[in-house]
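> could you look at this predicted model? Sequence included:
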Amino acid sequence: MNEVPDMPSMAAIQMVSGPDVAENLTAAAELLARAADQGARLAVLPENFALMGRREEEKVAARETEGDGPIQSFLAEQAARHRLWLIGGTIPLRTAGDARRVRAACLLFDDHGQRVARYDKVHLFDVQVVGSRERYAESATIEPGDRYVFAETPLGRLGLAVCYDLRFPEQFRALMERGMEILALPAAFTAATGLAHWETLLRARAIENQCYVIASAQGGRHANGRETHGDSLIIDPWGAILDRLPHGPGVVLAGFDRERLENVRRQFPVLEHRVHCET
């Protein structure tokens, strides 16, 4: 674990969530308290932090109405208690009309506990994992979002994305064009895809958009038998890994250095060199 930085700091919370919401919230609270004690001002919980059920349908049963429910109340209370800007991984929220599915909502709360942004996961993980028997069909229980989300925070301009979104660089380029300086990406990458691509893709997103990346992961063996990759990371705008946690629950912490970000963008002005050509 890095020492507490002098500059405003960012935390990625790594968990091994299970099927009991109350137990998961207790575990998240302990990790958030640890992050706050080490000076974090912005913290990111992983995807599905409140529930990794034995069956995908369990998220539908646990869904909340926007603005009301124990998971949302927990996030607001934790943000206010620790004076943290808090990104609540994803939680299941009711859709407008499809009772069989939920929105995988990534919620941002300010340090007074007020919700200031909501991003609904756009890209859904409907895949057969290469070289394994693992098959996933998120669209069976999740309704996709339809917009990218950007928010202003005291540390910097923040872009929100979730897990499988990482494979779609156009999403991050759109956020960068809005002025993104920090990318928060909660995730629950599989062990196989994480080993193959996780670090590579995260560092690529940091390098090509010259921004900080906070990647908060699930990392371990879950009650449903699934193994997630873990390796939560904080990466700087040059692609350097500032801190990481390979496996198991814990806190990853690093400082937000505005001078570093501005120097990278000024000295290596790749974002200014983009050329749009017709095909």
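Perfect, thanks for sending it.
> helices or strands next to the helix or strand containing Leu86 in the packing?
Taking DSSP states H and E as the definition, one finds Leu86 inside strand 85-88. The helices and strands touching strand 85-88, judged by 3 or more Cβ pairs under 8 Å, 6 or more residues apart in numbering; DSSP states H and E, are strand 40-45, helix 70-82, strand 102-109. For glycine as for every other residue, the C-beta is placed from the backbone atoms N, C-alpha and C.
> what pairs with Leu253 across the strands?
Counting by DSSP bridges, Leu253 forms beta bridges with Ala11.
> ramachandran coordinates for the residue sitting nearest the centre point of the chain?
The residue lying closest to the centre of the chain (Cα atoms, centre = their mean) is Pro186, at 1.8 Å. Backbone torsions of Pro186, given as degrees, to the nearest 10, read phi -70, psi 150.
> that one and Glu272, how far apart?
Using Cβ to Cβ, to the nearest Å, we find Pro186 at a distance of 30 Å from Glu272.
> those helices in the stretch 1-150 of the chain, which residues are they?
Listed from the start of the chain, the stretch 1-150 of the chain has helices (DSSP state H, counting those that start in this stretch) covering 21-37, 58-61, 70-82.
> against which helices or strands is the last one packed?
So the one you mean is helix 70-82. Under the contact criterion of 3+ Cβ pairs under 8 Å, 6+ apart, helix 70-82 touches helix 21-37, strand 85-88, strand 91-94, strand 102-109, strand 115-120.
> next: the first one.
When contacts are defined as 3+ Cβ pairs under 8 Å, 6+ apart, helix 21-37 sits against strand 9-14, strand 40-45, helix 70-82, strand 250-255.
> what are the buried residues along it?
Of the residues in helix 21-37, Val21, Asn24, Leu25, Ala27, Ala28, Leu31, Leu32, Arg34, Ala35, Ala36 count as buried by neighbour count, 16 or more other Cβ atoms under 10 Å.
> what's the angle from it to strand 9-14?
The directions of helix 21-37 and strand 9-14 differ by 150 degrees, with axes from the mean of the first three to the mean of the last three Cα atoms, to 10 degrees as the criterion.
> distance between helix 21-37 and the chain's centre?
16 Å (Cα atoms, centre = their mean, to the nearest Å).
> before we move on, back to that, looking at the helices and strands packed on helix 21-37, which is closest to Ala105?
Ala105 lies closest, by Cβ to Cβ, to one member of these: helix 70-82, at 9.2 Å.
> quick one: distance of that closest one to the chain centre.
On Cα atoms, centre = their mean, the centre of helix 70-82 falls 17 Å from the chain's centre.
> dump it to CSV, restricted to CA.
C-alpha atoms of helix 70-82 as CSV (Å, rounded to 0.1, in the frame of the first residue of the first chain):
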residue,chain,number,x,y,z
PRO,A,70,-31.2,0.8,1.4
ILE,A,71,-28.2,0.7,-1.0
GLN,A,72,-28.7,4.2,-2.1
SER,A,73,-29.2,5.4,1.5
PHE,A,74,-26.0,3.6,2.4
LEU,A,75,-24.0,5.4,-0.3
ALA,A,76,-25.4,8.8,0.6
GLU,A,77,-24.6,8.2,4.3
GLN,A,78,-21.1,7.0,3.7
ALA,A,79,-20.3,9.9,1.4
ALA,A,80,-21.5,12.4,4.0
ARG,A,81,-19.9,10.6,7.0
HIS,A,82,-16.5,10.4,5.4
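> quick one: residues contacting the residue nearest to Glu181 when sequence neighbours are not counted.
Closest residue in space to Glu181, ignoring its immediate chain neighbours: Gly156 at 3.7 Å, by Cβ to Cβ, 6 or more residues apart in numbering. Gly156 is in contact with Glu181, Ile182, Tyr212, Phe256, Arg258, Leu261, counting by Cβ atoms under 8 Å, 6 or more residues apart in numbering.
> that older thread, I'd like the helices of the stretch 1-150 of the chain as CSV, with mean pLDDT appended.
Shown next, in CSV, are those (pLDDT from 0 to 100):
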stretch, mean pLDDT
helix 21-37, 98
helix 58-61, 94
helix 70-82, 98
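> any idea which of those helices gets closest to Gln114?
Ranking the helices of the stretch 1-150 of the chain by their distance to Gln114 (criterion: Cβ to Cβ) puts helix 70-82 first, at 7.4 Å.
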